[in-house]
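[1] quick one: sequence plus predicted model below, questions after.
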Amino acid sequence: MSRQFDLNDDGLVVIIGSGAGGGTLANELAQKGIRSVVLEAGKRFTMEDIENDEWGMFNKISWLDQRNLVGPSRLAEDFPHLPAWIVKGVGGSTIHWAGVAMRFQEHEFKMKTLNGAIPGANVEDWPLSLQDLEPYYALAERKMGVCGTEATGMPFHGKSTHYQVIEAGANRIGARCEQAHLAINTRPFDGRAPCQVTGFCMQGCRFGAKWSTMYTEIPKAEATGNVEVRPNCMALRIEHDRDGKATGVLYVDADGVEQFQKARLVAVAANSIESPRLLLNSASSLFPDGLANSSGQVGKNYMTHVTGGSYAEFDHPVHMERSTVVPGIVKEWDDNDPSRGHVGGYELEALHLGLPFMAAFLDPGAANGWGRQFARSMENYSRMAGFWICGEDLALETNRITLHPTERDPYGLPVPVVHKADHDNDTRMRNHAYRMSKELFTAIGAHHVNDLPPYPASHNMGTNRMHANARDGVVNQWGQSHDIDNLFISDGSQFTSSGTENPTLTIVALTIRQAEYIAERMTRGEL
Amino acid sequence: MTASPRVTLSRRRFLSLTGALAAGGLALGATGLWPRWALAEPALARRLLRLGRDIYPHESIEDRYYLASLSPLLEEQRDAVATGLDDLDRRARAAHGSDYAGIEDDAEREVLLQEIQHTPFFAQVKGNLLMGIYNNPDLWPLFGYGGSSWEQGGYRHRGFDATPDWL
Ligand SMILES: Cc1cc2nc3c(=O)[nH]c(=O)nc-3n(C[C@H](O)[C@H](O)[C@H](O)COP(=O)(O)OP(=O)(O)OC[C@H]3O[C@@H](n4cnc5c(N)ncnc54)[C@H](O)[C@@H]3O)c2cc1C
Ligand code: SF4
C-alpha cells in the first residue's frame, strides 16, 4: 500500500491521473528515487471486480460525469453526453484497453512536410522523429510485455478462428494482414499469467495477462516507498506563484473536502478531455486564457482517429468472441498514399464485440437499430466477423474542448463541451475503409456487411499538442509546457498528430523518455 | 446504414441451430410466466407485446422475456406507456382502419413505427428491450453467444484456434 506524504511537502511531483501516462510516470520516477503523489479521480478496483460482463463493467468503471458532445456528426446525435469511452479508476483506461501496441511509422511524425498544408486542417510535424523514439519504444514493449516483438521474444497468440476468417479474406483480395502486436502475455511474463483467451479484454483482464497500470506500474511504484496514490481525489485546479511557476494542486478528497497539495512539479495525465479542461479551469489573472495557453492551442486539435466498424454475416459459424479482442490487423492501407483520395493511413483491426455491445453499436442511437433486418443480423451473431476501423485523424482547430458557460458538474466545475466534426479527408478515408472491408468479406462469401458508425472515442489525443515552437503548440518534445517549466503533460493530449496506430504504446514510450528528462533536469537543479 | 438485399436464415433454421425447437421454444402463448403487471392487465400486455415483437422480432424468444424487460417501465410510467400505445393505435386506425396490433402485414406495422421512432415513448420501450433481450444471459444460448468465460478458463484450451471447415 501507499506511503503517505504531507500536503505541505513541496519537494514532490504531483501527477494527475493514473492511466497509461500517469501510472507509468509515477513508476519511472519512483525507480529513479523521485517521490510523487498521484491524484486519481476514480476508485481503486480489485481483480475480483473484473467480470466478463460488457454492460456491468461499463457501468462500474467508466467516466460518466457529464460531458456535452456537439458538432455535425452521427456520434453527437447518438451519444450527446458520451463523446468518449474512458475509465475513471486507478489504472485509467488501461483497465479497458484492448492491448494493441504498435509503433508509429516514420512518416507519421512529419505529416505537414509530407503533405503540405491541408486546407481546413491544422496539421503540424512532431518535434521529434521515429529515431528519437525508437529506444523508448523498445523499453515500452519490454515493460508492457508486447508479444511478437524483439524486446520480449514472446510469440504471437496463435490464430483464432476470427483471425483465420479475416486472413482468408485478406489473402483473397491480396491485402497485407498480420497477427496483432498485443501487450498481452502469451507466456508467463513479469510475474503475470499468460492469456486464457476469455475474449473480454475490453472489460478488464481478470487474469492480469494484459498490461494495465492498475496491477503493474502502480503497485511497482508503491513498492518503492516513493509514491502515494490517492484514489477518489479529483483535481480542480493547478495553482501558481507570482512568477508563474506551478506551486501545487487543489483537489477534492474522498470525503469531499478540498485539499491543497504542494508540488515541485506538476504532471497532467488526465486523458485528452480532462487534461485541457484542467488547464482551462486553472485560469488566473496572470494566465487569463488558462495555464500554458499562450499559443491558444490548449483544448484544440482534438483527435479520436477516424473510426467506424464493418461486420459481415456469413452462412457458417465464426464465433468471433472466442479470441483476444483484437487478434489481427489488415495493414494494406496504413501508408500515406493520396491517390486513394485521402492522406494518412488506416488499419482494419479485427475486433469482436459481445452480443450486448453488438446490439448497442450495430446501429446506435435512440431511434435506430430495431426492426426485422436488425433482428436478423443479431440472429447471425455467431456467424459474424468484423473490423474496427482505425485511421489517421487530422488536427482541426475547431475540434476542441471548451468550458460550458453555465452548466456545472457536482464539483462546481464547468462541464466540458467537446466539438468534433469530420474533415472531408476523414469522411473519404472512412468510406474507403468501408468499401475495402466489404470487398474483403464478400470475397469469402459474406452475404451481408453492416457499416457501423463510430462509437464513443476510446482514443483521445492532441488537445495539448507538442510543437517545436511555443507559438504553435503547448508542450515541447519532452511534454514540458512552453510557458511553465515545472508543468508537464504526460498523456495522449501531447500528440501532434494521431498517426494510424493505437496510441498507448506511444504514450508509454513518451512517458519513459519524459521521466528520464525530468530526472536529469532535477539532478542538475534545473527543475 | 446499409440496406442491401440479403439472404437470411429461415426462422426454422434459426430455431434448429439454436436448439430452441427441441427445448420447447414454441410455447409462445403461455401466460403462466408472465410478470404480475401483465397478468393484471393482459390487454395492455398484449398491445405492448406486439410492439416489442416488432422492435426486436425474434420468434424463438418467449413472450415472457419481452414482458419482463418492460416491467420496470410499467411500474414507473404506466400512464405514459398507455398514452404512447393509444397514440400508436390512433395512427394505425387513421392509416389502416384497425388498431396497431390488428394490422396483419409486418411491413405496414414497421412503417407506422418509423413514424414514432423519434418519440421518447419509443426510445424508452426500445431501450428497456435492448437490455432485456440482448443483455440477458438466459437468452444468449439462442444467439450462440457464450457470455462469461473466465470461470471455464476462457477458450485457450477450448478451441479458440479451431480452423473453420468452410473457408
Ligand atoms: C475500450 C477501449 C479499448 C482501447 N483499446 C486500445 C488499444 O487496443 N490500444 C491502444 O493503444 N489504446 C487503446 N485504448 C486507449 C487507451 O486506453 C488510452 O489511449 C490510454 O489509456 C490513455 O492514457 P491516458 O494516460 O491519456 O489516460 P487514461 O488511461 O484514461 O487515464 C486518465 C486517468 O485520469 C483520471 N482523471 C481525469 N481527470 C482527473 C482529475 N481532474 N483529477 C484526478 N484524476 C483525473 C481518470 O479517472 C483516469 O483514471 C482503448 C480504450 C478503450 C476505452
Ligand atoms: S483474452 Fe486474454 S488478455 Fe483478454 S481478457 Fe481474456 S485473458 Fe485477458
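    Received the coordinates, thanks. Ligands and ions are numbered 1, 2, ... in the order given.
[2] so which bits of the lowest-mean-pLDDT helix or strand in chain A are buried?
    The helix or strand of chain A with the poorest confidence is helix A:74-78; it has a mean of 94 (mean pLDDT, DSSP states H and E). Judged by neighbour count using 16 or more other Cβ atoms under 10 Å in any protein chain shown, the buried positions of helix A:74-78 are A:75-78. Using the backbone N, CA and C atoms, a C-beta is placed for each residue, glycine as well.
[3] what does the host helix or strand of residue A:165 rub up against?
    Per DSSP states H and E, residue A:165 falls inside helix A:161-173. With Cβ atoms under 8 Å, 6 or more residues apart in numbering or on different chains as the test, helix A:161-173 has contacts from A:159, A:176-177, A:179, A:314, A:318-320, A:322-323, A:327-328, A:330, A:332, A:350, A:352, A:385, A:387, A:436, A:439-441, A:443-444, B:159-164, B:167.
[4] is chain A within reach of stretch B:119-132?
    Yes. Interface with chain A: stretch B:119-132 contributes B:122-123, B:126-127, B:130-131 (Cβ under 8 Å from any Cβ of the partner chain).
[5] now that stretch - C-alpha only, CSV.
    What follows is stretch B:119-132, C-alpha atoms only, in CSV (Å, rounded to 0.1, in the frame of the first residue of the first chain):
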residue,chain,number,x,y,z
THR,B,119,-40.5,9.8,-29.7
PRO,B,120,-39.4,9.4,-26.1
PHE,B,121,-42.0,6.6,-25.7
PHE,B,122,-40.4,4.5,-28.5
ALA,B,123,-36.9,5.2,-27.2
GLN,B,124,-37.9,4.0,-23.7
VAL,B,125,-39.6,0.9,-24.8
LYS,B,126,-36.7,0.1,-27.1
GLY,B,127,-34.0,0.9,-24.5
ASN,B,128,-35.6,-1.5,-22.0
LEU,B,129,-36.0,-4.2,-24.5
LEU,B,130,-32.4,-3.8,-25.7
MET,B,131,-31.2,-4.7,-22.3
GLY,B,132,-33.9,-7.3,-21.5
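[6] chain neighbours aside, what residue packs nearest to residue 129?
    Let's take chain A. The shortest distance from residue A:129 to any non-neighbouring residue, by Cβ to Cβ, 6 or more residues apart in numbering or on different chains, is to residue A:109 (5.4 Å).
[7] oops, wrong one, chain B.
    Excluding the flanking residues, the one nearest residue B:129 by Cβ to Cβ, 6+ apart is residue B:69, at 5.0 Å.
[8] how distant is stretch A:188-206 from the center of its chain?
    Distance of stretch A:188-206 from the chain centroid (Cα atoms, centre = their mean, to the nearest Å) equals 19 Å.
[9] list the buried residues in it.
    Using 16+ other Cβ under 10 Å as the burial criterion, the residues of stretch A:188-206 that qualify are A:189, A:192, A:194-206.
[10] among the residues you listed, which are in reach of chain B?
    Among those, the ones lying near chain B by Cβ under 8 Å from any Cβ are A:195-200, A:206.
[11] need the contact list for the residue nearest to residue B:129.
    Taking Cβ under 8 Å, 6+ apart as the test, what residue B:69 contacts is B:52, B:128-129, B:131-133, B:136.
[12] three-state assignment of it?
    The three-state label given to residue B:69 by DSSP: H, G, I helix; E, B strand; the rest coil is helix.
[13] now do the one 4 residues further on
    Recorded secondary structure, residue B:73: helix (three-state DSSP).
[14] distance check, the residue nearest the centre of chain B against residue B:77.
    The residue lying closest to the centre of chain B (Cα atoms, centre = their mean) is residue B:56, at 3.8 Å. From residue B:56 across to residue B:77, the span is 20 Å (Cβ to Cβ, to the nearest Å).
[15] cool, and residue A:174?
    Here residue A:174 is placed at a distance of 56 Å from residue B:77 (Cβ to Cβ).
[16] can you pull the buried residues of stretch A:25-35?
    By neighbour count with 16+ other Cβ under 10 Å, stretch A:25-35 contains the buried residues A:25-30, A:32, A:34-35.
[17] residues in contact with the closest residue to residue A:68 other than its chain neighbours?
    Counting by Cβ to Cβ, 6+ apart, the nearest residue to residue A:68 once its immediate chain neighbours are dropped is residue A:417, at 4.8 Å. The contact partners of residue A:417, taken as Cβ under 8 Å, 6+ apart, are A:67-68, A:70, A:401-404.
[18] what parts of the stretch 351-500 of chain A come near ligand 1?
    Within the stretch 351-500 of chain A, the positions near ligand 1 by Cβ under 6 Å from any ligand atom are A:458-459, A:491-492.
[19] low-confidence ranges in chain B?
    Chain B contains residues with pLDDT under 70 at B:1-30.
[20] how many neighbouring residues does residue 93 have?
    Using chain A here. Residue A:93 has 27 neighbouring residues, counting by other Cβ atoms under 10 Å in any protein chain shown.
[21] my question was about chain B
    14.
[22] from residue B:86, how far off is it?
    Taking Cβ to Cβ as the criterion, residue B:93 is separated from residue B:86 by 11 Å.
[23] OK, contacts around residue A:84?
    The contact partners of residue A:84, by Cβ under 8 Å, 6+ apart, come to A:63, A:67, A:271, A:273, A:304, A:418, A:456-458, A:460.
[24] returning to that earlier point: include pLDDT, secondary structure and distance to ligand 1 when you put the buried residues of stretch A:25-35 into a markdown table, please.
    A markdown table is the format used below for these (pLDDT from 0 to 100; DSSP: H, G, I helix; E, B strand; the rest coil; distance: Cβ to the nearest ligand atom, whole Å):
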| residue | pLDDT | secondary structure | distance to ligand 1 |
| --- | --- | --- | --- |
| A:25 | 98 | helix | 9 |
| A:26 | 98 | helix | 11 |
| A:27 | 98 | helix | 13 |
| A:28 | 98 | helix | 13 |
| A:29 | 98 | helix | 15 |
| A:30 | 98 | helix | 17 |
| A:32 | 98 | coil | 20 |
| A:34 | 98 | coil | 19 |
| A:35 | 98 | coil | 19 |
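[25] sorry, back to before: more neighbours, residue A:174 and residue B:77?
    Taking other Cβ under 10 Å, residue A:174 and residue B:77 do not tie; residue B:77 has more neighbours (14 against 8).
[26] now do the SS call for the more buried one.
    Secondary structure, three-state DSSP: residue B:77 is helix.
[27] excluding chain neighbours, what is closest to it?
    Using Cβ to Cβ, 6+ apart, the closest residue to residue B:77 is residue B:124 (7.5 Å).
[28] now name the helix or strand holding the nearest residue to residue A:345 once chain neighbours are set aside.
    Counting by Cβ to Cβ, 6+ apart, the nearest residue to residue A:345 once its immediate chain neighbours are dropped is residue A:334, at 3.9 Å. Assigned by DSSP H and E, residue A:334 falls within no helix or strand.
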